Structures are given as C-alpha cells and as structure tokens.
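Enquirer: Generate a structure from the sequence data that follows.
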Amino acid sequence: FAYRYGAVPFELQLRVEKVKPRNSGAELIDAELTTSLLLLNWQAVYTIEDAGVFQLRVDLPDGFEVRSVQGKAIGDAQPAAIDAHHRVSDDSPTWLINLSKKAFGKVGVVIQLSRRLDDPNLLSPTGETSTIHVPLPHVTESDVEFSRGAVVVIAPDSLRINPGQLSGLRSVSFAEAYETIPMVRSSNQVRPVLAFAFSKGATDLSVTAERRRPLVTVNQLLQCEIEAGVVKYRARFFYNVKYSGVKLLRIDVPSGLSSDIRNTTSSLRQDELTPAPDDVPEDYTAWTIAGENELL
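Expert: Here you go, the predicted model:
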C-alpha cells in the first residue's frame, strides 16, 4: 500500500491477518500383490496456494514397513524438499513430513510401504481363495480442501484377482486411473488387474486372490543326422511353464537307448522315475527333469 500525506502529524493503522495455506491433493496408489508381499506405492501431488508450508501430513495404514519417503517431480510438480519424517504418535495413523524449505505451488511426494504375506493359498495352488485387505494411504483429510485419487491393483499372472469388499471406491479404466499421475512399475512380471477412483473420505478395499495352477506346454524338435555307419539324434524340448512353478518335468525315452542318451543341459538333471507310472508306454522308461529351483 502507498499513501500521501499533506501535513504532520498523521496517523496510519493497518489490520494484519495471517493468511493460511489453501491445499488440495491428487493421489495415485499402485497396490502390488505378490505371492508373499503386498507393496503400496503412494504418489501425491500437493497444490499449495495463498501461503507456503514447511510440513506435510499423510495418513498411513498400520502393519506396514515404511520403506522410503521421497520428493519426486510428477508432471509439472516439483519434488518436495523432504528433510525428515516421523509418526505423530504411537496410536495415530498420521505421519509428519518435515521440509527443508518452504513448499508453494505444486510439489510431489512418493512413499513406499510393504507388508509380508504368509498365506498358504498364495504360496501354492491349493484351489482355495483368500481375502486380502488392502488399506490405503491418504492425504490427511483436515489438511486439504479437497482431494481425489485412484488405486490400481497390480499382480502377476500366477494370481487370479477379483474385487471383494469396496467402500468409497468406484471402478474406472486403467487409462483414467493413470490420467493425472503416471504408473511406476516395479517389475515386468506384474500387470494391472483392477482400478478404482476415490475422493475425499473414508475408503475400504479388499480383494480375493487365488494361486493359479501350473499350465505346462511343450514343443519338441527331433533332429536326425545321418552319416556313414552312424545315425545321431538330437531331441530338443521347449517348455513353457506359466502361472505356478513345477518341481519336475517328465520325458519318456526308449528303454533300449536310455543308457546311451545324454542330457546336454547342464543346469538340469535327469533321474529315472521309480516306480514307473502306469501310463508309461511299453518299452519306454520315464525320466524326471529337475533344476536347483522350481521351473517357471
């Protein structure tokens, strides 16, 4: 403000009022479910207007290990200058993120959480389904005027995933879920299977998961090399084991030639299957092929 005066003395009074920040948030949660682990990758873009802030708050679910809290450039948002983070109290879900400099405008934050799973229906194909509760991180509701976001459930092909209990969520396409914040994929062996959108308010998400049984296909190529006085055979088997691993593969070989056949794949070993299965053809011997680990 600027004022002109014509004579002295003069008097000027100002009314000073502290301006509070006006915040909003956009969130994306990639919930990666594997056979032994639940990983939550939470990305948020805070839009801070009117006044800057030196702290951000987020509500994180119990029972998870906080792997990392980092600032990240997301779209046109600058990475938040994160100095430290800690839980407000032992019985509170709220975590306080201290910033090394004032945040104003759009800033990005990413938090990674993990929880071990010890479900027998996920570790091996039992034919039974399990219900997995997926609690979601959120921007602390009292800190923002409004927020919106999406959660995408990601899983490997070995798991069959279906939605369970839903509250505060609506189904959307993957393109809509990743419209504001891009996906961060941790592995090429997982893929998105479910996507939901949410806004400010409580949410609840559960999914049902079943370990799929192994699907084994094989192509065989038999090469015959004929020379003077000798015939050499080379059999190649190209296996594709999907969804779940197997400990053994079986190949039936002519019994009269079993002592002359050599396995040239050094990473796999063969043994005669005893007692012989009932479906072995006459004059054939069943071999098992195994490696150091399950074959997948």
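Enquirer: residue contacts, the spatially closest residue to L222 that is not a sequence neighbour?
Expert: With sequence-adjacent residues excluded and distances taken as C-beta to C-beta, 6 or more residues apart in numbering, L222 is closest to A235, at 5.2 Å. C-betas here are computed from N, CA, C, even on glycine. Contacts for A235 (C-beta atoms under 8 Å, 6 or more residues apart in numbering) come out as Q220, L221, L222, Q223.
Enquirer: Nearest residue to the last one in space, please, no chain neighbours.
Expert: Leaving aside its chain neighbours, Q223 sits nearest to R234 (4.4 Å; criterion: C-beta to C-beta, 6+ apart).
Enquirer: what about the one you found, how many residues close to it?
Expert: Applying other C-beta atoms under 10 Å, we find 10 other residues in the vicinity of R234.
Enquirer: Any idea what I48 is bridged to?
Expert: On the basis of DSSP bridges, I48 is bridged to N23, G105.
Enquirer: doesn't G25 make contact with it?
Expert: No - contact criterion C-beta atoms under 8 Å: I48 and G25 do not qualify, at 9.8 Å.
Enquirer: quick one, which of the two is more surrounded?
Expert: G25 (24 against 21).
Enquirer: so that one, which of the three states?
Expert: Three-state call for G25 (DSSP: H, G, I helix; E, B strand; the rest coil): strand.
Enquirer: Also P277?
Expert: coil.
Enquirer: try S267
Expert: The three-state label given to S267 by three-state DSSP is coil.
Enquirer: how near is the residue nearest to it when sequence neighbours are not counted to N263?
Expert: Counting by C-beta to C-beta, 6+ apart, S267 lies nearest to G291, which is 5.9 Å off, once chain neighbours are set aside. G291 sits 12 Å away from N263, going by C-beta to C-beta, to the nearest Å.
Enquirer: then stretch 221-241 to CSV, C-alphas only?
Expert: Taking Å, rounded to 0.1, in the frame of the first residue of the first chain, the C-alpha atoms of stretch 221-241 are listed here in CSV:
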residue,chain,number,x,y,z
LEU,A,221,12.2,-80.8,-32.3
LEU,A,222,13.9,-84.1,-33.2
GLN,A,223,17.0,-83.7,-35.4
CYS,A,224,18.4,-86.7,-37.2
GLU,A,225,22.0,-86.6,-38.6
ILE,A,226,22.8,-89.5,-40.9
GLU,A,227,26.5,-90.3,-41.6
ALA,A,228,28.3,-93.4,-42.9
GLY,A,229,27.7,-96.2,-40.4
VAL,A,230,26.2,-94.0,-37.7
VAL,A,231,22.9,-92.1,-37.1
LYS,A,232,22.9,-89.3,-34.5
TYR,A,233,19.7,-87.9,-32.9
ARG,A,234,19.2,-84.7,-31.0
ALA,A,235,15.9,-84.1,-29.3
ARG,A,236,15.1,-80.5,-28.1
PHE,A,237,12.2,-79.8,-25.8
PHE,A,238,10.9,-76.2,-25.4
TYR,A,239,8.8,-75.9,-22.3
ASN,A,240,6.6,-73.0,-21.2
VAL,A,241,5.6,-73.3,-17.5
